[in-house]
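In: My questions concern the predicted model and sequence given below.
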Amino acid sequence: MCTRVLWPDANGAVIVGRNMDFHMDLLTNLWKMPRGIERKDGANGKLTWKAKYGSVIATAFDLIATDGMNEEGLAGHILWLAESNYGKPEDSDVQLSQSIWLQYYLDNFATVAEAVEWTKSSDVRIAQLFDPTGHLVPTLHLAINDATGDSAIIEYTQGSATVYHNRDYKVMTNSPTFDKQLELVKEIDGLGGDKPLPGSTLASDRFARASYYIEHQVQPKTELQAMAAMFSIIRNAAQPFRTPEPGKPDASQTIWQVVADMTNKRYAFESTTRPNIVWIDFEKMSFHEGTEILKLDLIGKLSLEGGLAGDCSHKFEAVDDLGLGLVDTGREALEFVARKQDEFAQLAKGFKALKLAKAS
């Protein structure tokens with residue numbers, strides 16, 4: 001599920017692109033989150049905070065931040081990693097629910113270095129969500145990058161965080177884990193080896209193609225050229241529509257793409273099922289504490305004729321208390337079910353045994 005590519009030296013700008021690959025429409029909209037929002041961890045309730053920075057996020061079902069950038073130019077990207085193993089966090093651990101994982105970083109950090117230091121010092125554990133789509137429990141890893149060109153990938157495969165922190169870490173896809181991807185890509189011609197550039201949709205092949213093309217870019221003369229070049233790279237790593245592979249959400253079609261300029265604070269979004277690219281210019285938005293949470297309705301307004309297109313910085317709309325309440329309730333329901341998964345599993349096991357007993 002997904003590809004993320006970082007271009008840290010695009011003629012003075014830092015550009016990032018990502019594909020969202022999934023087996024169904026995530027009903028993604030863009031949200032503007034101002035400073036000052038008070039949040040909690042969605043897990044054991046021991047971690048609470050007030051947002052230091054405003055952000056624009058792309059959501060899944062309006063509940064979970066899957067991608068986004070804050071006003072300081074820190075951007076983050078949630079991708080699928082089948083090997084993820086978050087372990088069983090202890091009640092005494094610092095925890096973040098998957099539902100709020102990315103938002104915490106956007107709310108609290110201006111740079112990758114700050115985020116990495118906190119991740120290591122807090123030994124934060126991730127509380128896995130209940131799957132809202134009814135298919136698979138999410139297994140995710142996180143990429144973060146900032147306006148200096150710094151980069152980090154955070155993976156959980158043995159309960160605690162493994163952090164890969166280096167501005168040279170420009171590409172992330174899915175399986176295998178990041179350390180193994182770094183070894184595999186060395187086999188490719190132009191990246192250290194002699195194998196031809198692969199063309200399949202396998203995560204390792206997408207990793208190789210994205211790595212190759214980001215290393216073979218001419219310097220852009222304008223921001224338009226830089227963002228266009230990034231769109232071309234992530235489109236090359238996109239996955240076509242096809243019959244879904246059962247149990248493999250990472251082997252799914254690309255449903256949308258994002259390109260962000262972390263230097264000039266612009267965030268562009270393109271759907272593969274709805275026309276028109278839209279973008280947000282952060283300088284035209286207010287993230288001051290006390291301003292409203294706003295939503296850009298991509299699901300309802302990315303239409304063929306008369307729909308959203310181009311600069312949509314001033315086209316976000318306020319969400320009433322009822323709408324915000326429904327979002328909060330939905331997220332809290334996911335987090336509650338996630339905390340009670342063991343109890344629900346026992347109930348399901350008991351009902352199954354009872355049904356078998358009656359049948360016999």
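Out: Here it is on my side, so go on.
In: looking at the protein, which helix or strand is least sure?
Out: Least confident helix or strand, the chain: helix 341-359 with a mean of 54, by mean pLDDT, DSSP states H and E.
In: got the contact list for Ile64?
Out: If a contact means C-beta atoms under 8 Å, 6 or more residues apart in numbering, then Ile64 has Ile78, Gln98, Ser99, Leu129, Arg331 as its contacts. All C-beta atoms are positioned from the backbone trio N, CA, C, and that covers glycine.
In: which of those residues lies closest to Ser232?
Out: Set against Ser232, the nearest of these by C-beta to C-beta is Ile78 (23.2 Å).
In: Provide a list of residues in contact with that closest one.
Out: Taking C-beta under 8 Å, 6+ apart as the criterion, Ile78 is in contact with Ile64, Ala65, Thr66, Asp67, Trp101, Leu102, Leu140, His141, Leu142.
In: in the sheet, who's paired with the residue nearest the centre of the chain?
Out: Compute the mean C-alpha point of the chain, and by C-alpha atoms, centre = their mean the closest residue is Ile78, 2.5 Å away. According to DSSP bridges, Leu142 are recorded as the beta-bridge partners of Ile78.
In: measure it to Tyr105 for me?
Out: In this structure, Ile78 and Tyr105 are separated by 10 Å, where distance is defined by C-beta to C-beta, to the nearest Å.
In: what residues are shared contacts of the two?
Out: Leu142.
In: And for Trp101, the neighbour number?
Out: Other residues lying near Trp101 total 22 when counted by other C-beta atoms under 10 Å.
In: Spit out the contact partners of it.
Out: Contacts were defined as C-beta under 8 Å, 6+ apart; by that measure Trp101 touches Ile78, Ile126, Leu140, Leu142.
In: can you rerun that using 10 Å?
Out: With C-beta atoms under 10 Å, 6 or more residues apart in numbering as the criterion, the residues that contact Trp101 are 41-42, 64-65, 76, 78, 124, 126-127, 129, 140, 142, 154.
In: Got phi/psi on it?
Out: Here the main-chain torsion angles of Trp101 (degrees, to the nearest 10) amount to phi -50, psi -60.
In: how close does it get to Gln181?
Out: Relative to Gln181, and taking C-beta to C-beta, Trp101 is found at 21 Å.
In: Equivalent analysis for Ala43, please.
Out: The separation that Ala43 has from Gln181, given C-beta to C-beta, amounts to 29 Å.
In: Show the low-confidence segments of the stretch 251-360 of the chain, by residue range.
Out: Low-confidence regions of the stretch 251-360 of the chain, defined by pLDDT under 70, span residues 326, 331-360.
In: what ranges do the helices span in it?
Out: Remark: helices assigned in the stretch 251-360 of the chain by DSSP state H, counting those that start in this stretch are 298-301, 321-339, 341-359.
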